[in-house]
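Engineer: fold the following for me, if possible:
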Amino acid sequence: MKVSETSAGKKKPGLPPGSLIFTGEKKAEHVLFELFTYDESEVTEQKFDRIEDCLAAIQPSKRTWLNIDGLHDEKIVEQIGAHFSLHSLMMEDILHTDQRPRVEEFEDAGSVFIVSRMVYASGDDIRSEQLSFVLGKNFVLTFQEQPGDVLNPVRERLRAGKGRLRSRGCDYLTYALLDMIVDHHFLLLESYGNTIETIEESIVESPKEVDRHSIHSLKQGLLVLRRSIWPMREVVAQIERGDFKLFQKSTRVYIRDLYGHIVQAMDSIESYRDALGSLHDMYMTFVSNKMNEIMKVLTVIATIFIPLTFLAGIYGMNFNNMPELHWKYGYFIVLGLMVAVAVLMLVFFRRRRWL
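Structural biologist: Model (predicted):
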């Protein structure tokens, strides 16, 4: 299983704070916009490829979730920031896709900024990308590097109107999105657990080189999961403590539950890392034992042939005064002696349980 993480781009030194420079890798040809406008009674879902059309469709009287796929166009981020009165430092961090997960409140702008890492499987690859949240009084903005995410269950809940999602505020929607990101870690961990069991069975049966590569790949994947989930613990803890006014007290109860999920995911990651370390040691032990068995067989063969080579060396000399050379049955006697020596040595090795 391959691992792919967002590579940090280059930022020119000396630029003033708040400079909007995209530092990541361009992962989408066009910036796409997905707009959910909803209240308790209805929801409207629209998709746009022009920012002007998207912003014109926003209804300030209703709750809004705007998802942006693609961050390579700084002007679009600037337009969104101007429409929602976002702080320039917030927009700068959105465009810097190597941010560590964190949460920050911009009181002047009346918004909370959250940086998270979204990890998901894409074929045989494990991908990690930055997902930025901006929570306002009546809106949630999510900024992704490319189309495709793990948030579809939240979209389905919005469309169906089930549960508390449409009746609660935008802080609850933010919680639901964060919860979905964390829950997706468990899906990946479940897959990792099954793979680890398969590798263990393969090693016990017959260790192969592919098992060692699989262990290394899984370790890399777990490292990506750990880097994404570990800082989220502090992010969620800050929200749960009530440090941010936009998160209501009723929502912080669910945030506390989310914190428990993060701790559980971290425990699972550490357990799997320990299990992979044990599997690697087991692999090396089995390979070493297999090599020892091979060396033992080769040593036994070499040991048997040492006295035979000694006899062959003696009677291979060309001295004239060697009476055995003139015996009528000397050749057969020497062959018989060699066979007897080999058989006696095999019996000796058997009794000593070396074979």
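Engineer: so where's this protein uncertain?
Structural biologist: Residue ranges of the chain with pLDDT under 70: 1-19, 109, 123-124.
Engineer: those strands in it, which residues are they?
Structural biologist: Secondary structure of the chain (DSSP state E): strands at 2-5, 32-38, 43-48, 63-69, 102-106, 111-122, 125-135, 139-144.
Engineer: what's the closest of those strands to A237?
Structural biologist: Nearest to A237 among the strands of the chain is strand 102-106 (9.5 Å), distances taken as CB to CB. Just so you know, the C-beta spots here come from the backbone N, C-alpha and C atoms, and that holds for glycine as well.
Engineer: so what strands line up beside the closest one?
Structural biologist: strand 111-122 (antiparallel) (DSSP bridges).
Engineer: where exactly do the helices run in this protein?
Structural biologist: For the chain, the helices defined by DSSP state H cover 51-56, 74-84, 88-95, 152-160, 170-205, 209-240, 249-314, 330-351.
Engineer: which strands or helices does the first one pack on?
Structural biologist: Under the contact definition 3 or more CB pairs under 8 Å, 6 or more residues apart in numbering; DSSP states H and E, helix 51-56 sits against strand 32-38, helix 74-84.
Engineer: what does that helix contact?
Structural biologist: Residues from elsewhere that reach helix 51-56 (CB atoms under 8 Å, 6 or more residues apart in numbering): V31, F33, L35, Q46, F48, L66, I76, Q79, I80, H83.
Engineer: from W65, how far off is the fourth one?
Structural biologist: Think Q46. Applying CB to CB, to the nearest Å, the value for Q46 to W65 is 11 Å.
Engineer: same question for the first one.
Structural biologist: Computed as CB to CB, the V31 to W65 distance reads 17 Å.
Engineer: who's more crowded, the two?
Structural biologist: Set side by side, V31 and W65 show more neighbours around W65, with 23 against 20, by other CB atoms under 10 Å.
Engineer: bridged to the residue lying closest to that one once chain neighbours are set aside, which residues?
Structural biologist: Ranked by CB to CB, 6 or more residues apart in numbering and with sequence neighbours excluded, the top spatial neighbour of W65 is F36, at 4.2 Å. Residues in a beta bridge with F36, per DSSP bridges, are E45, W65.
Engineer: which residues touch F36?
Structural biologist: The contact partners of F36, taken as CB under 8 Å, 6+ apart, are V43, T44, E45, T64, W65, L66, N67, R155, L158.
Engineer: could you do L141 as well?
Structural biologist: For L141, the contact set (CB under 8 Å, 6+ apart) comprises W65, L66, N67, I68, I80, F84, F133, V134.
Engineer: quick one: neighbours of D183, just the number.
Structural biologist: D183: 14 surrounding residues under other CB under 10 Å.
Engineer: go on, H326?
Structural biologist: 8.
Engineer: contacts only, for it.
Structural biologist: Counted by CB under 8 Å, 6+ apart, H326 has zero contacts.
Engineer: change the start of the numbering to 115 and stick with it
Structural biologist: From this message on, residue numbering opens at 115, which makes the last subject H440.
Engineer: what's the distance between it and Y429?
Structural biologist: Separation of H440 from Y429 (CB to CB): 12 Å.
Engineer: mutual contacts of those two, please.
Structural biologist: In contact with both H440 and Y429: no residue, using CB under 8 Å, 6+ apart.
Engineer: domains of this protein?
Structural biologist: The chain breaks down into these domains under automatic domain parsing: 116-399, 406-465.
Engineer: just name the most buried of these.
Structural biologist: Neighbour counts (mean count of other CB atoms under 10 Å) averaged over each of the domains of the chain peak at domain 116-399, with a mean of 17.
Engineer: beta partners for the closest residue to S342 other than its chain neighbours?
Structural biologist: Leaving aside its chain neighbours, S342 sits nearest to R231 (3.4 Å; criterion: CB to CB, 6+ apart). Assessed by DSSP bridges, R231 has beta-bridge partners Q244.
Engineer: can I assume V338 is in contact with I240?
Structural biologist: Yes. Between V338 and I240 there is a contact at 5.8 Å, judged by CB atoms under 8 Å.
Engineer: now do the same contact list for the nearest residue to I172 once chain neighbours are set aside.
Structural biologist: Counting by CB to CB, 6+ apart, T178 is the residue found nearest to I172 once chain neighbours are left out, at 5.6 Å. Contact analysis of T178 by CB under 8 Å, 6+ apart lists L149, F150, T151, I172, N252, F253, V254, C284.
Engineer: got the contact list for the first one?
Structural biologist: Read it as L149. Contact analysis of L149 by CB under 8 Å, 6+ apart lists T158, E159, Q160, K161, F162, C168, A171, I172, T178, W179, L180, N181.
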